[in-house]
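Visitor: Next comes the sequence, and after it the predicted model I'd like to discuss.
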Amino acid sequence: MSRRTMLLGTAAVGALGVTGAAGCSKVPSGDALARLKSQGTVRLGIAGEVPYGYVDKQGEFTGEAPELARVIFKRLGIDEVQPVATDFASLIPGLNSQQFDVVSAGMYINKERCAQVIFADPEYQMLDSFIVRKGNPKNLRTYEDVVKSKARFATGTGYAEIDYAVAAGYPEKDIVILQDQVAGLNAVESGRVDVFAGTALTTREVVRKSAKAEATEAFAAVVDGEKKIDGGGFAFRPTDTELRDAFNAEIHKMKESGELFRILKPFGFTEKEMTTLTAEELCR
């Protein structure tokens with residue numbers, strides 16, 4: 001899910017084996033935290049999505065999740081953070097096949113994903129928003145509006161917004177799937193689609209310099225009669241509970257001190273997007 005997103009496929013994407021270093025042979029294979037401390041490096045799976053995890057104009061990996069990861073893992077005794085870019089749908093398969101140690105992509109926490117990985121508590125919460133033409137000529141403010149107006153609807157690869165549109169009654173076969181929010185903006189500006197759905201954060205950021213498009217007010221999708229407020233967090237292999245718990249402890253300290261918001265704020269997050277939600281709540 002842009003974070004935010006439904007899981008597309010569960011097949012493993014090859015096993016590169018991050019535990020194969022001979023120098024780590026004395027570290028118990030089941031203790032991920034001890035192994036990573038011994039290696040001095042943690043590999044982060046990111047999906048190349050602004051502002052969660054991406055490569056900037058200088059060619060450097062950045063984003064709210066990698067920057068947060070650098071701070072927390074250093075405090076856990078792991079000095080080097082190595083981002084590994086992949087497409088969003090490959091993050092969980094790549095994690096479970098050991099292509100990387102942690103998913104650091106602001107991934108939405110939901111029941112389906114919780115059956116495959118374990119999550120730290122979310123660092124943020126998020127609502128949805130639409131990219132539409134200036135003036136919002138079709139008056140699209142909810143998924144139900146999109147269905148009623150028969151608007152040409154698009155969203156991103158693997159995004160949770162696919163599920164939300166379908167839950168509102170939009171035919172899945174008619175959804176235009178695009179690479180990301182930048183492609184969504186281009187599609188709306190060119191008239192290829194009427195609306196692109198994404199997170200409130202990504203839509204408001206991507207339309208900032210657009211003369212043809214705007215972002216709608218943030219709203220909660222309604223699924224089975226209940227409003228959805230999503231939360232994004234770091235994902236770990238189910239066997240790596242010690243690592244997840246140590247990471248979680250640092251997240252909570254940073255929430256209490258305000259440090260978490262200070263790290264996320266430069267990437268467009270607001271205080272309204274800070275959260276007390278837990279992974280356990282979102283996994284239900």
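Guide: Everything's here; your move. Residues are numbered from 1 along each chain as shown.

Visitor: Mind checking what secondary structure Glu217 has?
Guide: coil (DSSP: H, G, I helix; E, B strand; the rest coil).

Visitor: so it touches Arg141, yeah?
Guide: Yes: using CB atoms under 8 Å, Glu217 is in contact with Arg141, at 6.9 Å. Heads up, the C-betas are built off the backbone N, CA and C, glycines and all.

Visitor: Comparing those two, which shows the higher neighbour count?
Guide: Neighbour count, other CB atoms under 10 Å: between Glu217 and Arg141, Arg141 has more, with 15 against 11.

Visitor: The more buried one and Tyr124: what is the separation?
Guide: Per CB to CB, to the nearest Å, Arg141 is found 23 Å from Tyr124.

Visitor: And for Gly184?
Guide: 21 Å.

Visitor: Same drill for those two, tell me which one is more crowded.
Guide: A direct count of neighbours by other CB under 10 Å for Gly184 and Tyr124 places Gly184 higher, at 30 against 26.

Visitor: can you give me phi and psi for that one?
Guide: phi -60, psi -40 (degrees, to the nearest 10).

Visitor: residue contacts, the residue lying closest to it once chain neighbours are set aside?
Guide: Nearest residue to Gly184 in three dimensions, chain neighbours excluded: Phe196, at 3.2 Å (CB to CB, 6 or more residues apart in numbering). The contact partners of Phe196, by CB atoms under 8 Å, 6 or more residues apart in numbering, come to Phe130, Ile131, Ala154, Thr155, Leu178, Gln181, Gly184, Leu185, Ala187, Val188, Thr203.

Visitor: do Glu123 as well
Guide: Counted by CB under 8 Å, 6+ apart, Glu123 has contacts Glu64, Ala65, Leu68, Gly106, Gly232, Gly233, Phe234, Ile251, Leu260, Leu264, Thr275.

Visitor: Can you name the two of the residues you listed that sit furthest apart?
Guide: Taking CB to CB, the two most distant members of those are Ala65 and Thr275; they sit 14.9 Å apart.

Visitor: So for the two, which residue has more residues nearby?
Guide: Ala65 (32 against 20).

Visitor: CA-only coordinates of whichever helix or strand the more buried one is part of, as CSV, when you get a sec.
Guide: Using DSSP states H and E, Ala65 maps to helix 64-75. Output in CSV follows, covering the C-alpha atoms of helix 64-75 (Å, rounded to 0.1, in the frame of the first residue of the first chain):
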residue,chain,number,x,y,z
GLU,A,64,11.6,9.5,6.0
ALA,A,65,12.2,5.8,6.4
PRO,A,66,15.9,5.6,5.5
GLU,A,67,16.7,8.7,7.6
LEU,A,68,14.8,7.3,10.5
ALA,A,69,16.5,3.9,10.0
ARG,A,70,20.0,5.6,10.1
VAL,A,71,19.2,7.1,13.5
ILE,A,72,17.7,4.0,15.1
PHE,A,73,20.1,1.4,13.8
LYS,A,74,23.1,3.5,14.9
ARG,A,75,21.6,3.5,18.4
